[in-house]
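S.K.: Here is a sequence with its predicted model. Questions after.
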Amino acid sequence: MRPESLVQPEPQPQTRSELQTWIRDQLRLPAAVESTLLSAIDVVFSRHERLWQESKQEAIQALSSGFADKMARVKNELSAKDATVSSISCYFEQLVADLTDKSHRDPKTKLMNFGRFTEQLESFLALEQRGRWCAVGLVDITGFKWYNDALGHAVGDQIIERVAHLLREQVRSDDLIAQERPGQRSQDLHARFGGDEFCFMIPDLDAYSQAYAIAERFREAVERHDWTLEDHRLAVQPVRVDVGVVCLWLGRVADRRFIARRLAAALVQCADRLMYEAKGERASHIYLVRHKVVNGELVEVTADDQTADEQPVPAETAD
């Protein structure tokens with residue numbers, strides 16, 4: 001319990017008006033003295049308020065100035081970091097692009113690999129609505145095994161790389177060309193069966209006979225090359241190629257869209273068969289046939305077929 005003798009102190013005035021009231025109530029001064037005291041208190045309060053406001057403004061200015069400097073420094077730091085982040089971002093974007101490109105290309109010839117070629121061919125067959133014909137072809141180096149066995153795999157590699165270069169020089173901007181490597185590791189590409197085969201796709205042909213002209217251009221480019229520049233022993237047996245080409249009448253895209261994958265595989269298989277048939281023909285190293293899609297199947301176009309009124313395939317390409 002509190003002792004009754006303990007008296008709570010009266011609250012002290014906290015504001016100017018409370019102080020004025022307290023002076024009037026507690027001091028009971030003569031009116032003139034009270035007025036003088038209150039005036040003096042007003043002067044003191046006013047001066048302190050003015051000084052406080054000035055100090056406040058100076059503090060705000062100082063703080064603002066410091067904040068502006070700090071913000072400028074932060075902005076410069078952020079700009080430097082943005083430049084670094086942008087540089088890193090560009091680096092990784094380029095890295096991803098390079099890795100993606102490398103995953104789509106044969107490491108030695110730099111041509112599109114067969115997997116990527118197939119993807120592009122399937123996409124074309126499923127979506128393309130322009131043109132009348134397209135063509136898919138396979139190119140094979142004649143007697144390549146002899147070069148490997150007689151001259152060594154190093155010369156074999158040189159031949160493959162040079163053929164790839166020559167074919168790449170002949171393609172149009174819209175043509176696709178790839179080195180076939182189904183089921184092979186890249187390090188085995190040039191030393192295993194099939195490693196000397198190339199495939200190409202020619203889109204948007206007005207006449208199927210144009211495909212023969214392009215294939216012939218491929219063949220002649222290889223035949224005209226001075227192979228002794230690669231190895232003097234190649235003078236004994238210069239490099240030649242055999243080409244199989246299948247032309248497809250594009251027709252309606254609706255006939256191709258849902259069978260594009262199967263159709264692409266069938267075209268490549270047909271071109272492969274024609275290429276091997278060309279190997280057994282001494283008079284010509286190019287075989288070409290025409291096909292169209294009928295009820296979801298690849299069907300050969302015969303001489304009597306009126307699918308297109310075009311000039312015939314050169315006589316030496318007929319089966």
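M.R.: Yep, it's here. Treat the numbers as computed from the prediction; the structure is a model and nothing was measured.
S.K.: okay, now Ala32: neighbour count?
M.R.: 8 (other Cβ atoms under 10 Å). C-betas here are computed from N, CA, C, even on glycine.
S.K.: Which helix or strand contains it?
M.R.: helix 31-103 (DSSP states H and E).
S.K.: Toward the C-terminus, what is the element adjacent to that helix?
M.R.: Next along from helix 31-103, by DSSP H and E: strand 112-113.
S.K.: Check which element follows that next one along the chain.
M.R.: Following strand 112-113 toward the C-terminus (DSSP H and E): helix 114-127.
S.K.: Within the sheet, what are the partner strands of the next helix-or-strand element following that next one, with directions?
M.R.: As assigned by DSSP H and E, the chain's next helix or strand after helix 114-127 is strand 133-141. Strand pairing for strand 133-141, determined by DSSP bridges: strand 197-205 (antiparallel), strand 241-249 (antiparallel).
S.K.: Helices along the stretch 151-300 of the chain, start to end?
M.R.: 153-170, 209-224, 260-279 (DSSP state H, counting those that start in this stretch).
S.K.: Out of these, which gets nearest to Glu297?
M.R.: Of all the helices of the stretch 151-300 of the chain, helix 260-279 sits nearest to Glu297, with 8.4 Å by Cβ to Cβ.
S.K.: Determine the set of other helices and strands touching the closest one.
M.R.: Under the contact definition 3 or more Cβ pairs under 8 Å, 6 or more residues apart in numbering; DSSP states H and E, helix 260-279 sits against helix 114-127, strand 133-141, strand 197-205, strand 241-249, strand 286-294, strand 297-300.
S.K.: Including mean pLDDT, could these go into CSV?
M.R.: Output for the helices and strands packed on helix 260-279, formatted as CSV (pLDDT from 0 to 100):
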stretch, mean pLDDT
helix 114-127, 88
strand 133-141, 91
strand 197-205, 87
strand 241-249, 92
strand 286-294, 88
strand 297-300, 88
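S.K.: got these as JSON lines, with distance to Ile60 and mean neighbour count columns?
M.R.: Output for those, formatted as JSON lines (distance: least, Cβ to Cβ, whole Å; neighbours: other Cβ atoms under 10 Å):
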{"stretch": "helix 114-127", "distance to Ile60": "66", "mean neighbour count": "18"}
{"stretch": "strand 133-141", "distance to Ile60": "76", "mean neighbour count": "25"}
{"stretch": "strand 197-205", "distance to Ile60": "72", "mean neighbour count": "23"}
{"stretch": "strand 241-249", "distance to Ile60": "80", "mean neighbour count": "26"}
{"stretch": "strand 286-294", "distance to Ile60": "81", "mean neighbour count": "22"}
{"stretch": "strand 297-300", "distance to Ile60": "84", "mean neighbour count": "14"}
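S.K.: Ok, which of these comes nearest Ala150?
M.R.: Of all the helices and strands packed on helix 260-279, strand 133-141 comes closest under Cβ to Cβ, at 13.7 Å.
S.K.: for the closest one, the distance to its chain's centre please.
M.R.: 27 Å (Cα atoms, centre = their mean, to the nearest Å).
S.K.: just the CA coordinates of it, formatted as PDB?
M.R.: Coordinates of the C-alpha atoms in strand 133-141 are reproduced here as PDB (Å, rounded to 0.1, in the frame of the first residue of the first chain):
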ATOM      1  CA  TRP A 133       8.200 -30.300-106.700                       C
ATOM      2  CA  CYS A 134      10.900 -30.900-104.100                       C
ATOM      3  CA  ALA A 135      13.800 -33.400-104.300                       C
ATOM      4  CA  VAL A 136      15.800 -35.500-101.800                       C
ATOM      5  CA  GLY A 137      19.100 -36.900-102.900                       C
ATOM      6  CA  LEU A 138      22.000 -39.000-101.500                       C
ATOM      7  CA  VAL A 139      25.600 -38.600-102.700                       C
ATOM      8  CA  ASP A 140      28.100 -41.400-102.200                       C
ATOM      9  CA  ILE A 141      31.900 -41.400-103.000                       C
END
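S.K.: the inter-axis angle of it versus strand 286-294?
M.R.: Angle of strand 133-141 versus strand 286-294, following axes from the mean of the first three to the mean of the last three Cα atoms, to 10 degrees, is 140 degrees.
S.K.: Backbone torsions only: list them for Arg132.
M.R.: Backbone geometry at Arg132, expressed as degrees, to the nearest 10, gives phi -110, psi -40.
S.K.: Would you check that Val222 makes contact with Glu230?
M.R.: No: counting by Cβ atoms under 8 Å, Val222 does not reach Glu230; the two are 11.9 Å apart.
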